[in-house]
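**Q** Sequence first, predicted coordinates after that:
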Amino acid sequence: ISLADMSPVTLWTRDIDHANAMHHARTNEKRLPSLPFPHHLTVSSDLNKATQADTLLLAVPMQKMRNFLLENKDFLRSKTLVACCKGVELNTGLGPIGVLRAVLPNERAALLTGPSFAADIARGLPTALTLACATSTTAKNLQDQLTTHNLRLYRTQDTIGAELGGALKNVFAIACGAVIGAGLGDSARAALMTRGFAEMQRMALALGAKRETLAGLSGFGDLALTCGSDLSRNYRLGLAIGAGDTFDPNVTVEGAATARAAYAKATDMRIDMPITQTVVALLDQRLTITEATAQLLNRPLKEE
Ligand SMILES: NC(=O)C1=CN([C@@H]2O[C@H](COP(=O)(O)OP(=O)(O)OC[C@H]3O[C@@H](n4cnc5c(N)ncnc54)[C@H](OP(=O)(O)O)[C@@H]3O)[C@@H](O)[C@H]2O)C=CC1
Ligand SMILES: O=C(CO)COP(=O)(O)O
């Protein structure tokens with residue numbers, strides 16, 4: 001919606017009925033109700049038509065991306081592919097750019113990530129994002145192409161840092177939601193955000209990320225947004241866990257699979273990630289909130 005305010009954009013969906021409904025209503029009532037499409041936005045369920053452009057933004061959830069790429073490889077060749085998802089793939093431990101490169105090694109791969117609720121952007125509200133791409137010329141071209149009246153893009157070549165910041169903040173948002181849902185207070189949430197950020201740095205730096213990327217929009221920026229807003233689905237899942245409520249299993253909550261993938265990776269790498277481990281135990285219902293709190297507080301004392 002933001003991009004189509006300035007130039008032609010084709011919005012593709014796999015579902016022909018959904019495409020027809022959006023085409024007629026000029027809104028996406030299923031996903032972003034009551035937010036009108038700009039004039040330059042065309043809707044299609046024909047991937048051949050949607051892939052006439054050179055730059056394609058892929059907004060399928062992390063755990064669905066590999067199959068989407070495998071099924072539609074022939075349409076995606078020789079394109080610049082910009083992943084918009086946040087997460088770590090469960091079976092491989094790869095992030096969005098890692099999966100793009102594994103399936104389509106010869107295409108240009110980038111990641112758009114950072115603090116950005118879709119409903120805010122579609123309403124024209126401003127934010128700033130990270131555009132990560134290993135190749136500097138592609139990164140600059142994408143930065144120019146995708147900056148809009150309400151989106152200010154910063155570029156980085158640190159794809160690992162951008163991938164892991166965006167992925168892990170969702171895990172800590174679940175933890176923060178659980179704290180607030182259980183009535184443990186804002187001080188506990190701030191402590192969890194900070195120690196979650198320490199876990200993010202520990203893993204990402206060990207994998208070669210830069211500290212500045214983690215302190216930037218894709219890391220600290222998105223952590224601050226997601227851990228403090230009930231517009232976040234990850235945070236809302238945490239709220240439900242903390243309050244002992246049920247949560248709709250059909251809602252996309254990237255942090256759930258990512259917590260498991262990140263914890264498996266941390267175990268392999270012998271990296272200590274106690275909050276991530278606790279989130280996995282909460283998701284698996286192996287710990288109550290009271291037990292989880294005691295377990296985190298009673299670990300051996302150490303330097304910050
Ligand atoms: N929503 C937000 O505010 C933000 C989301 N993101 C990230 O974007 C990613 C997607 O999230 P979001 O759009 O909110 O999720 P939703 O659950 O709202 O939508 C998922 C979309 O992906 C489509 N999809 C799922 N599987 C496939 C598939 N195999 N082939 C084709 N299309 C598929 C769905 O199509 P269908 O309708 O047919 O099921 C739907 O359009 C996540 O990684 C999320 O973290 C990032 C920043 C902000
Ligand atoms: O990534 C997001 C905001 O930057 C969206 O967060 P949720 O997936 O938790 O809704």
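**A** Ah, there it is. Residues are numbered from 1 along each chain as shown. Ligands and ions are numbered 1, 2, ... in the order given.

**Q** ranges for the helices of the stretch 51-200 of the chain?
**A** With DSSP state H, counting those that start in this stretch as the criterion, the stretch 51-200 of the chain has helices at 62-76, 96-103, 118-122, 136-146, 159-181, 186-206.

**Q** Highest mean neighbour count out of those?
**A** Among those, the stretch with the highest mean neighbour count (mean count of other C-beta atoms under 10 Å) is helix 159-181, at a mean of 29. (Glycine included, C-beta is placed from N, CA and C.)

**Q** Can you give me the separation between the single nearest residue of the stretch 51-200 of the chain relative to ligand 1 and L217?
**A** In the stretch 51-200 of the chain, the residue that lies nearest ligand 1 is C85 (3.1 Å; C-beta to the nearest ligand atom). Counting by C-beta to C-beta, to the nearest Å, the separation of C85 from L217 is 16 Å.

**Q** more neighbours, these two?
**A** Taking neighbours as other C-beta atoms under 10 Å, C85 and L217 compare with L217 leading, 26 against 23.

**Q** Not counting its neighbours along the chain, what's nearest the more buried one?
**A** G114 (3.8 Å; C-beta to C-beta, 6 or more residues apart in numbering).

**Q** Same check on L207?
**A** I160 (5.3 Å).

**Q** The one you found against A209, yeah?
**A** Yes. In this structure I160 lies within contact range of A209 using C-beta atoms under 8 Å: 4.5 Å.

**Q** Ligand 1 contacts on this structure?
**A** The chain comes close to ligand 1 at residues 13-15, 31, 59-62, 64, 67-68, 84-87, 116-118, 252, 254, as judged by C-beta under 6 Å from any ligand atom.

**Q** Return a PyMOL selection command for the buried portion of these.
**A** Selection of buried members from the residues of the chain next to ligand 1 for PyMOL, criterion 16 or more other C-beta atoms under 10 Å:
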select buried, resi 13+60+62+68+84+85+86+87+116+117+254
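
**Q** Straight-line length of stretch 208-224, end to end?
**A** Its first and final residues considered, stretch 208-224 spans 23 Å by C-alpha to C-alpha, to the nearest Å.

**Q** And the strands in the chain?
**A** Using DSSP state E, the strands of the chain run over 9-12, 41-44, 55-58, 80-83, 108-113, 127-133, 151-156.

**Q** For A281, find the nearest of these.
**A** Evaluated over the strands of the chain, closeness to A281 peaks at strand 108-113, with 27.2 Å, by C-beta to C-beta.

**Q** so what strands line up beside the closest one?
**A** Strand pairing for strand 108-113, determined by DSSP bridges: strand 80-83 (parallel), strand 127-133 (antiparallel).

**Q** Would you mind pulling the contact partners of that strand?
**A** 57, 79-84, 86, 95-97, 100-101, 129-135, 138-139, 142, 146, 153, 159, 162-163, 165-166, 217-218, 222 (C-beta atoms under 8 Å, 6 or more residues apart in numbering).

**Q** Is ligand 2 within reach of it?
**A** No. Counting by C-beta under 6 Å from any ligand atom, ligand 2 has no neighbours in strand 108-113; the shortest distance is 7.8 Å.

**Q** now that strand against helix 159-181, angle please.
**A** Here strand 108-113 points in a direction 30 degrees away from that of helix 159-181 (axes from the mean of the first three to the mean of the last three C-alpha atoms, to 10 degrees).

**Q** pLDDT on strand 108-113, on average?
**A** Averaged over strand 108-113, pLDDT sits at 98.

**Q** Roughly how far does whichever residue of the stretch 151-300 of the chain sits closest to ligand 1 sit from T113?
**A** Closest to ligand 1 within the stretch 151-300 of the chain is T252: 3.4 Å, counting by C-beta to the nearest ligand atom. From T252 over to T113 the distance is 15 Å, taken as C-beta to C-beta.

**Q** got it, and D120?
**A** For D120 relative to T113 (C-beta to C-beta), the value is 15 Å.

**Q** Could you list the domains of this structure?
**A** What automatic domain parsing lists as the domains of the chain is 3-159, 167-297.

**Q** May I see the ones you listed arranged in TSV, with distance to E304 as well?
**A** Formatted as TSV, the domains of the chain follow (distance: least, C-beta to C-beta, whole Å):
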stretch	distance to E304
domain 3-159	25
domain 167-297	8
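
**Q** and the gap between P61 and A167?
**A** Counting by C-beta to C-beta - P61 and A167 are separated by 12 Å.

**Q** Equivalent analysis for L297, please.
**A** With C-beta to C-beta as the criterion, L297 and A167 are 26 Å apart.

**Q** Show the contacting residues for the nearest residue in space to R66 that is not next to it in sequence.
**A** Excluding the flanking residues, the one nearest R66 by C-beta to C-beta, 6+ apart is V99, at 5.3 Å. Shown in contact with V99 (C-beta under 8 Å, 6+ apart): M62, M65, R66, L69, A83, E89, T92.
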